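**Student:** Quick one, structure for this:
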Amino acid sequence: MPATSSENPYYFRLERNLLWLWVNVAQMGVFYLVGFLAGWLSTGSVMGGVQFGLSVLVWGVFVRTVAVWHITWSVNSVTHMWGYRNYDTDENSKNNWIVGLVSNGEAGTTIIMPTSVAPPMAIAGGNST
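**Tutor:** Purely as a prediction, here's the structure:
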């Protein structure tokens, strides 16, 4: 198991030659084309397809990306300010059920670890064996 993402062949390939950029451009094209076709078929006009395609592109790519960024950042910032604690730890992390709902459970920081001691896997450098 690679210790970092730069040692992982999949992520290394994405970074080489800016493949990650082309993956995102392809995603944007797919979102627009699917929206364009749905809009064109439902309205019967090319302009309806263009409008719906742009709407799907904006909401399905740009707004979704910004929302995921904010949700990710809120896990670390909101849960250190507001919430409850199951265990008394020596740092200020808390559980926040609202952030947990929007982040698929990533806001339960003190539910898993009753102490701030690193798990054995982290001490072993990422190897659990």
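
**Student:** Now do Gly100: how many residues are near it, please.
**Tutor:** Neighbourhood size, Gly100 [other Cβ atoms under 10 Å]: 18. For every residue, glycine as well, the C-beta is placed using N, CA and C.

**Student:** Same check on the one 4 residues further on?
**Tutor:** One way to gauge burial is a neighbour count; for Asn104, by other Cβ under 10 Å, it gives 8.

**Student:** Sticking with Arg13, tell me its helix or strand.
**Tutor:** In the assignment (DSSP states H and E), Arg13 maps to helix 9-15.

**Student:** So which elements touch that helix?
**Tutor:** Under the contact criterion of 3 or more Cβ pairs under 8 Å, 6 or more residues apart in numbering; DSSP states H and E, helix 9-15 touches helix 19-43.

**Student:** downstream neighbour of the helix it packs on in the secondary structure list?
**Tutor:** In N-to-C order, the element after helix 19-43 by DSSP H and E is helix 46-57.

**Student:** can you list contacts of the helix or strand harbouring Trp73?
**Tutor:** Under the criterion of DSSP H and E, Trp73 resides in helix 64-78. With Cβ atoms under 8 Å, 6 or more residues apart in numbering as the test, helix 64-78 has contacts from 96, 99, 102-103, 106-107.

**Student:** Equivalent analysis for stretch 23-35, please.
**Tutor:** By Cβ under 8 Å, 6+ apart, the list of residues contacting stretch 23-35 reads 14, 49, 52-57, 60-61.

**Student:** out of those residues, which are buried?
**Tutor:** By neighbour count, with 16 or more other Cβ atoms under 10 Å, the contacts of stretch 23-35 hold 14, 49, 52-53, 56-57, 60-61 as buried.

**Student:** Those into CSV, with extra columns for pLDDT and distance to Val25?
**Tutor:** Converted to CSV, the buried ones among the contacts of stretch 23-35 look like this (pLDDT from 0 to 100; distance: Cβ to Cβ, whole Å):
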residue, pLDDT, distance to Val25
Leu14, 82, 13
Gly49, 97, 20
Phe52, 97, 20
Gly53, 97, 15
Val56, 97, 16
Leu57, 97, 12
Gly60, 96, 14
Val61, 95, 10
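
**Student:** Many thanks, we can stop here.
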